[in-house]
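>>> Got a predicted model here, sequence first, then my questions.
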Amino acid sequence: MTATVHGFQTQVAKLLDLLANSLYSNKEVFLRELISNASDAIDKLHFLSLTNPDLIKEDPKFKITVKADPDAGTLTITDNGIGMTLEEANNHLGTIAESGTEEFMKKLTGDKAKDSMLIGQFGVGFYSSFIVADRVTVLSRSVNAKENEGVRWESTGSGTFESENIERKQRGTEVILHLKDSEKNFLEEWTLRDSITKYSDHISVPVELWVKKYDAPEKGEENKDDKDKEPKFHFEWEQVNDAKALWTRNPKDIKDDEYKEFYKHLSRDYADPLTWAHNKVEGSLEYTSLLYIPKNAPWDLYNRDHQHGLKLFVQRVFIMDKADAFLPNYLRFVSGLVDTNALPLNISRELLQETQVTRKLKKALTKRALQMIEKLASDKDKYKEFWAQFGNCLKEGPVEDYDNRDAVLKLLRFASTKSGTSEENVSLDEYIARMPKGQDKIYYLTADSYEAAANSPYLENLRKKGVEVLLMWQRIDEWLMGNVNEYSGKEFVSATASDLKLGDELGGKEEKEKKETSQKENKDLIERFKKALGDKVKDVTVSTRLTDSPSCVISDSNRMMTAQMRRLLEATGQKMPDEKFTLEINPEHPLVKKAFAEADDTVFAKWAEVIYEQALLSDQGGLKDPATFVKTLNSLLIG
C-alpha cells in the first residue's frame, strides 16, 4: 500500500513548531511522555484480557523496551499493549482535541519555562517527541487487527504526516525517534537509565533498557597484560525500573520525590502537586487511595462537559480513567486513584454510579479529600496558592454537599472590612473569634466588585460599631449565600437586610427607638419624598445605618439581589420581575437637607429622583435609564 500524506489539524503545525524549537526547559521529559503512553496502552489491553485471555496468549508478559542505536541515530520505545489501527493512528497522532489546542495556544506566554508546564495539561505529550527528534516513525498493530493490517505513521513535524498499512507480526506500538544532531546524548545508556529511573520508576510495567554488558575474561586470560586487546561485550535487556505500583507500597517507604513523579505520570502535569494524601483502609470495605491537589487549576476546571475524576483500579488492575463517581463535583480538581477489591472487574461506568460500594467509597474519599485540604490550610502560604486556584470551586460545596456543609464552610476564605484589602484570607472561625461582645450574627455583603463592596454605604453604621463584615463579589458568592443560613450556630445576615438583628448590646434596641423618634421628627420630609417618587418606591423611611451617605435602598427580604445575579438569572431564561425597594434617607446629610429646603416642588422632585437613583446606582451598579439621570443631575448642577 502506498503511503497517504495528510495535513495536521488546524493549529497543530504551529504547536509542533513550538515543540521542535525546544519549548521544554528540561527536554528529557519526552521519554516520560512516551513511556506513560506505552503504560496506558498496556493497561487497556490488560483489562480486556481479563475477559478474553486469547488476546495475549502469544505474548502474555507485558513490558516496555527502550533501545538506542548510535549508528542509526535512533531511539526506539516499544510496548506490547493494545496497539492502533490505521484510522486510530490518524486520529490519535494526527489531531489534538480542538478545544484543548485552542486553550493551549491562548495560554502560551512566550516564557519557555512557564509554557513547558502547560504541555501535559493539554494532552499533547506525544508531540514532545519533536523536541529531540527531527523525524518520528510509529509502527503499530492493534490487538484486534490482522498481521497485514499493521500501521506505519511518520512525520517530520513540519505540517504533514504520512501513514499506510504494513505487515507487522507483533501487536503493540513502536515509536522510533530519529534524533537531532544536538540531542544525541539521549543515545547514551547512563542518560536513558537516569531519565527512566527518575521519571518512570513507579510504573507497574517492567521498563527494559538495551544495555552493553562486558564479558568476564575467559579462564586463563585473567592476568594477561594486553592493553591493546579490546574487552569482549554483548547487549541484553535489563529492567531498570522498580515496576511496583507505588500506591501498593507502605507510605513510610515512599519518598516525597517519588510521590511527585507519580503525580506527574498520573496527571500529565509538569508542576509538582501542592499536597497529597495516601491511605490504605482495611475492614468491611478495603481500598487504597492516593489523592493529589494540583498546584495549578486545569484549563477545563469550569467546563461542565469535560470529565473529571479518579483513576479506578480493581485489585491493581486498571479499570477506567476519570471515574467521577467517587468525589462530588466541587472536588473535581482533586486527582489521583482508588484501588479496591470490593468492585467487580467488569464494572461499567453506568453501573458504577448505582452500587452501594461506590456510595460508601464516595463518602470515605470525600472525607479524605476534605481532611487533606484542612491540613493544607494550616500552611497559610500554601493555602493562599490553593485558594487562588480552587477557591470558587470549593464554594460550590456547601450547597452541593449538605452532609459535609460545615466541613466545607470551615475551609472557605473571604475578604473582610478588617483587612482593608481584596485578599480572601479570613475564615469563618477567625471571624467568629473576633466578634465583639454582644454580636451573635455573621455579617456579609455581596456586590459586583471588591471596590463596590468595600465602599458600600451599607457598611457605614456597622463599621462605626466595630462590626466586621465579610465582603464578597465573585459570581458564585450570591448563589452560595442564598443557600446557607448559618455556621457554628451563627446566622448569616446580609448588610443590606431590612433588619440587621444587631441585638441590645450593639445598640439594636437604642437604634430602633432612635429610628421611631426620627420618623416622627422627619414626617414632613418622608411624605415629601413619597409624593415625589410615587410608585417608583415601595416606601420611604429614615435610616439609622447611614452616617456618610445620603441614601440607600433595601428590600423586604434578608438579602438583596445584585444586578450581576439578576443578569445571570435572566441569561438562563428566567423572567425577573421588577423589584420595588424601600428608600432609606439620612436626614442629617447636607444633600437631603438641601433638597428639603427647596420650595419648588418640581425642583424638589428632581432632587428626590437623584437621591433615589444614587442609592440604586450604589447598590445595583447600574440604572435602567442612565441618560435621564445624567440630564436631571446636570439641570440641578446648572441651577
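Everything's here; your move.

>>> starting at the chain centroid, how far to the host helix or strand of residue 369?
For residue 369, the host element (DSSP states H and E) is helix 356-377. Distance, stretch centre to chain centre, for helix 356-377: 17 Å (Cα atoms, centre = their mean, to the nearest Å).

>>> In CSV, list the C-alpha atoms belonging to it.
The C-alpha coordinates for helix 356-377 follow below in CSV (Å, rounded to 0.1, in the frame of the first residue of the first chain):
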residue,chain,number,x,y,z
GLN,A,356,-23.6,0.7,47.4
VAL,A,357,-19.9,0.2,47.4
THR,A,358,-19.4,3.3,45.2
ARG,A,359,-21.6,5.3,47.6
LYS,A,360,-19.5,4.2,50.6
LEU,A,361,-16.3,4.9,48.7
LYS,A,362,-17.5,8.4,47.7
LYS,A,363,-18.4,9.2,51.3
ALA,A,364,-15.0,8.0,52.6
LEU,A,365,-12.9,9.6,49.8
THR,A,366,-14.8,12.9,50.2
LYS,A,367,-13.9,12.9,53.8
ARG,A,368,-10.3,12.1,53.0
ALA,A,369,-10.1,14.9,50.5
LEU,A,370,-11.6,17.5,52.9
GLN,A,371,-9.2,16.4,55.6
MET,A,372,-6.3,16.8,53.1
ILE,A,373,-7.5,20.4,52.3
GLU,A,374,-7.9,21.1,56.0
LYS,A,375,-4.4,20.0,56.7
LEU,A,376,-3.2,22.2,53.9
ALA,A,377,-5.0,25.2,55.4
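
>>> can you list contacts of it?
Here helix 356-377 makes contact (Cβ atoms under 8 Å, 6 or more residues apart in numbering) with 274-277, 279, 281, 285, 287, 289, 291, 293, 310, 325-328, 331, 334, 338, 340, 342-343, 352, 382-383, 386, 394, 401, 403-404, 407-408, 410-411, 427. Quick note: C-beta positions are derived from backbone N, CA and C, even for glycine.

>>> Show the end-to-end separation of stretch 416-428, please.
Terminal residues of stretch 416-428 are spaced 11 Å apart (Cα to Cα, to the nearest Å).

>>> Go through that stretch and flag the buried ones.
Neighbour-count burial for stretch 416-428 flags 416-417, 424, 426-428 (criterion: 16 or more other Cβ atoms under 10 Å).

>>> do the same with stretch 572-584
Quick answer for stretch 572-584 (16+ other Cβ under 10 Å): 581-584.

>>> among the residues you listed, which are in strands?
Among the buried residues of stretch 572-584, the residues falling in strands (DSSP state E) are 582-584.

>>> Which helix or strand lies directly C-terminal to the helix or strand containing residue 510?
Applying DSSP H and E as the criterion places residue 510 in helix 508-521. The C-terminal neighbour of helix 508-521 among helices and strands, as given by DSSP H and E, is helix 523-533.

>>> and the angle from that following helix to helix 508-521?
Relative orientation of helix 523-533 versus helix 508-521 (axes from the mean of the first three to the mean of the last three Cα atoms, to 10 degrees): 80 degrees.

>>> Same question for helix 523-533: list its buried residues.
The neighbour-count check on helix 523-533 (16+ other Cβ under 10 Å) flags 525-526, 528-529, 532-533 as buried.

>>> For those, please prepare CSV with the additional fields pLDDT.
Formatted as CSV, the buried residues of helix 523-533 follow (pLDDT from 0 to 100):
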residue, pLDDT
525, 94
526, 94
528, 95
529, 95
532, 95
533, 95
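
>>> Just name the closest of the residues you listed to residue 34, please.
Set against residue 34, the nearest of the buried residues of helix 523-533 by Cβ to Cβ is residue 533 (72.4 Å).
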